[in-house]
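Undergrad: 3D, please:
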Amino acid sequence: MELKRTDCRADIDARGVVTLTLARAEKHNALSGAMVRELDELLRWAGEQPGVRALIVRAEGKHFSAGADLADMQKMAVADRQENLDDATRLAKLLRRLDTFSRPTLAVVQGAAFGGAVGLCCCCDSVIAGPRASFCLSEAKLGLAASVISPYVVRALGPRRARHAVLTAETLDAATALRDGLAHEVADDLEAAAARWTTHVLAGAPGAQAAVKELVQRIHGHPVDDELIRETALLIAELRGRPEGREGLAAFFAKRPPVWAEPKE
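TA: This next block holds a predicted model:
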């Protein structure tokens, strides 16, 4: 099944893997206001599909995304405050939808990922970059700030590296992105690397993956106190009693794949 829009598209395969593709290669996949709306719509569609297991965000053309569309930014420079606020809020909601997507998410990055595109990467659970990929938080050079994407960038890089990245607007190559935690793998063959990632995540139980993604969101920065100990103990106790937990243990002892990992025709 495929859903097409002007600047992007989404499809889901028989395994439940959704591929969300930025398809504005002639503009280096710059994130126009229209494209942000389309991406948000397609993400909502992806989350509503029965049997969805994973989401891969990728792009056509030489570059992943040049970030914000400068023609749109020029229009916003003369727009009133409310128009600017509405435009920024749409991007913020898109990022939150991607960040809270209940299934494992992967960004596959070739070429440049600038500005808001770095935010998209930081909202994904995993990032695989090509050897010539580059990342830049370039907003300061334009008299702007990486504000809407900042919660995700700071979480991914940590405050010290994030401050360096946004203040210098330095372009990070793939090796530096890997070192700093912005990317999780640098691969010459992006297709093969994405296929390996997909194999790994499809081996996991979808309900457990959704639960642990939500848990990570809640416990980030939370002190290890009685409340946190109780919450984590309750979760594992609940997961053990769910059908997935019982099936996973039964499959392990029977030396067979669990039902969710069985290949689909």
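
Undergrad: return the residues in contact with residue 39.
TA: Residues in contact with residue 39 (C-beta atoms under 8 Å, 6 or more residues apart in numbering) are 8, 20, 22, 31, 94. The C-beta positions use only the backbone N, C-alpha and C, and glycine is treated the same way.

Undergrad: okay, residue 217: pLDDT?
TA: pLDDT recorded at residue 217 is 89.

Undergrad: before we move on, back to that, now the contacts of residue 39 in JSON lines, with neighbour count and distance to residue 14?
TA: Listed next are the contacts of residue 39 as JSON lines, based on neighbours: other C-beta atoms under 10 Å; distance: C-beta to C-beta, whole Å:
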{"residue": "8", "neighbour count": "24", "distance to residue 14": "22"}
{"residue": "20", "neighbour count": "24", "distance to residue 14": "17"}
{"residue": "22", "neighbour count": "26", "distance to residue 14": "24"}
{"residue": "31", "neighbour count": "26", "distance to residue 14": "30"}
{"residue": "94", "neighbour count": "25", "distance to residue 14": "27"}
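
Undergrad: farthest pair within those residues?
TA: 20 and 31 (13.3 Å; C-beta to C-beta).

Undergrad: helices along the stretch 1-150 of the chain, start to end?
TA: In the stretch 1-150 of the chain, the segments counted as helices under DSSP state H, counting those that start in this stretch are 33-48, 70-77, 81-99, 116-123, 150-157.

Undergrad: which of the ones you listed sits closest to residue 174?
TA: Here helix 116-123 is closest among these (C-beta to C-beta), at 12.0 Å.

Undergrad: by contact count, what packs against the closest one?
TA: helix 81-99, strand 105-109, strand 134-136, helix 150-157 (3 or more C-beta pairs under 8 Å, 6 or more residues apart in numbering; DSSP states H and E).

Undergrad: looking at the contacts of residue 39, spot the one nearest residue 193.
TA: For these, the nearest to residue 193 is residue 20 (17.5 Å; C-beta to C-beta).

Undergrad: and the closest one, bridged to which residues?
TA: With DSSP bridges as the criterion, residue 20 is bridged to residue 10, residue 57.

Undergrad: separation between it and residue 120?
TA: From residue 20 across to residue 120, the span is 10 Å (C-beta to C-beta, to the nearest Å).

Undergrad: same deal with residue 211?
TA: 24 Å.

Undergrad: before we move on, the earlier item: which neighbours do residue 20 and residue 120 share?
TA: With C-beta under 8 Å, 6+ apart, residue 20 and residue 120 have common neighbours residue 57.

Undergrad: contacting residues around the residue nearest to the spatial centre of the chain?
TA: Closest to where the C-alpha atoms of the chain average out (C-alpha atoms, centre = their mean) is residue 124, at 2.1 Å. Residues near residue 124 by C-beta under 8 Å, 6+ apart: 57, 98, 105-107.

Undergrad: got it, and residue 248?
TA: Per C-beta under 8 Å, 6+ apart, neighbours of residue 248: 205, 208, 258.

Undergrad: per-residue pLDDT, it?
TA: Taking residue 248 on its own, its pLDDT is 93.

Undergrad: residue 75 too?
TA: 85.

Undergrad: report the angle between the axes of the lowest-mean-pLDDT helix or strand in the chain and helix 33-48?
TA: One helix or strand of the chain scores below all others by mean pLDDT, DSSP states H and E: helix 70-77, with a mean of 83. On the basis of axes from the mean of the first three to the mean of the last three C-alpha atoms, to 10 degrees, helix 70-77 is oriented at 110 degrees to helix 33-48.

Undergrad: could the helices of the stretch 1-150 of the chain go into CSV alongside distance to residue 166?
TA: Converted to CSV, the helices of the stretch 1-150 of the chain look like this (distance: least, C-beta to C-beta, whole Å):
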stretch, distance to residue 166
helix 33-48, 21
helix 70-77, 17
helix 81-99, 16
helix 116-123, 10
helix 150-157, 8
